[in-house]
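In: Fold the following for me, if possible:
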Amino acid sequence: MSKAVILDNNLKKSSDMKLPKSFDDISSHNLYLYVKSYQAAIRANTANTKTRSDVSGGGKKPFAQKGGGRARAGSTRNPVWVGGGVAHGPKANRNYFQKVNKKQKKLALLFAINEKAKNEKLYVIDSVNIESGKTKDAAKLIKELGVRDALIVKEMVDEKNFLAFRNEANSYLIEANELNGYTVSSFDAIVIEKSVFEALIKED
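Out: Sure, this is the predicted structure:
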């Protein structure tokens, strides 16, 4: 059974908290579908080519239909001609949306949380609070944990904590309502406030 690491105010391990057994039964396919949908939604969708109706020129038939020994051509805008339009090229009006229902989104998040717990990279603390609002103090928090980078989850982000983590390269601060499977799986570790964590693992 997976366990979350409970930290005290000095960022030292004080105890463990078991995750519900049901977390181990969640399929990884839920996270796969969510990540696929998330990445599709953030595509720039800027690739755009001109078809034969968009390129300039070609109003006149370039040469006679017969007698020249060449393949017939009706327009210089034909895709086989240099300077012609593109056949079957990408257009900027493509819709990349992939639907993932609400239950699958929740399961994707819980699976990602469980994976962090299995690797002992899920840290629960009463409150994440950088009183000074300084980036060096936020960096110290990550260094104390000894992780590559971390997702910091607060119930509500105040101005001081926002300023402290804003330019910290190895962490990313979010509010509880922004938490999702893709973001959790993108970081080496997750530091989450106890109130948020308890609401998250509460079984319906």
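In: can you pull out the helices in this structure?
Out: Using DSSP state H, the helices of the chain run over residues 29-41, 102-118, 135-145, 159-166, 181-185, 194-201.
In: Quick one: mean pLDDT for the fifth one?
Out: Per-residue pLDDT over helix 181-185 has a mean of 96.
In: Any idea how many residues pack against residue 133?
Out: For residue 133, the neighbour count with other Cβ atoms under 10 Å is 16. The way it works is simple: take the backbone N, C-alpha and C, and place the C-beta from them, glycine included.
In: In contact with the residue nearest the centre of the chain, which residues are there?
Out: Nearest residue to the geometric centre of the chain (Cα atoms, centre = their mean): residue 182, 4.6 Å. Each residue near residue 182 by Cβ atoms under 8 Å, 6 or more residues apart in numbering is listed here: 34-35, 38-39, 108, 112.
In: Could you dump these into TSV with pLDDT and neighbour count added?
Out: Listed next are the contacts of residue 182 as TSV, based on pLDDT from 0 to 100; neighbours: other Cβ atoms under 10 Å:
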residue	pLDDT	neighbour count
34	97	24
35	97	18
38	96	18
39	96	12
108	97	28
112	97	27
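In: mind giving me JSON lines with these and columns for distance to residue 149?
Out: Compiled in JSON lines, the contacts of residue 182 are given as follows (distance: Cβ to Cβ, whole Å):
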{"residue": "34", "distance to residue 149": "21"}
{"residue": "35", "distance to residue 149": "18"}
{"residue": "38", "distance to residue 149": "19"}
{"residue": "39", "distance to residue 149": "19"}
{"residue": "108", "distance to residue 149": "20"}
{"residue": "112", "distance to residue 149": "15"}
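In: May I have stretch 69-87 exported as PDB, CA atoms only?
Out: Output of stretch 69-87 as PDB, limited to C-alpha atoms (Å, rounded to 0.1, in the frame of the first residue of the first chain):
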ATOM      1  CA  GLY A  69       3.500  16.800 -76.300                       C
ATOM      2  CA  ARG A  70       3.200  17.800 -72.700                       C
ATOM      3  CA  ALA A  71       0.700  16.700 -70.000                       C
ATOM      4  CA  ARG A  72      -2.400  18.800 -70.100                       C
ATOM      5  CA  ALA A  73      -2.600  21.600 -67.500                       C
ATOM      6  CA  GLY A  74      -5.400  23.900 -66.700                       C
ATOM      7  CA  SER A  75      -3.600  26.200 -64.200                       C
ATOM      8  CA  THR A  76      -0.200  27.000 -62.900                       C
ATOM      9  CA  ARG A  77      -1.700  26.800 -59.400                       C
ATOM     10  CA  ASN A  78      -1.900  23.000 -59.700                       C
ATOM     11  CA  PRO A  79      -0.100  21.300 -56.800                       C
ATOM     12  CA  VAL A  80       2.300  19.600 -59.200                       C
ATOM     13  CA  TRP A  81       3.700  22.900 -60.400                       C
ATOM     14  CA  VAL A  82       6.400  24.900 -58.600                       C
ATOM     15  CA  GLY A  83       4.600  27.800 -56.900                       C
ATOM     16  CA  GLY A  84       1.300  25.900 -57.000                       C
ATOM     17  CA  GLY A  85      -1.000  25.200 -54.000                       C
ATOM     18  CA  VAL A  86      -0.400  22.400 -51.500                       C
ATOM     19  CA  ALA A  87      -2.600  19.300 -51.700                       C
END
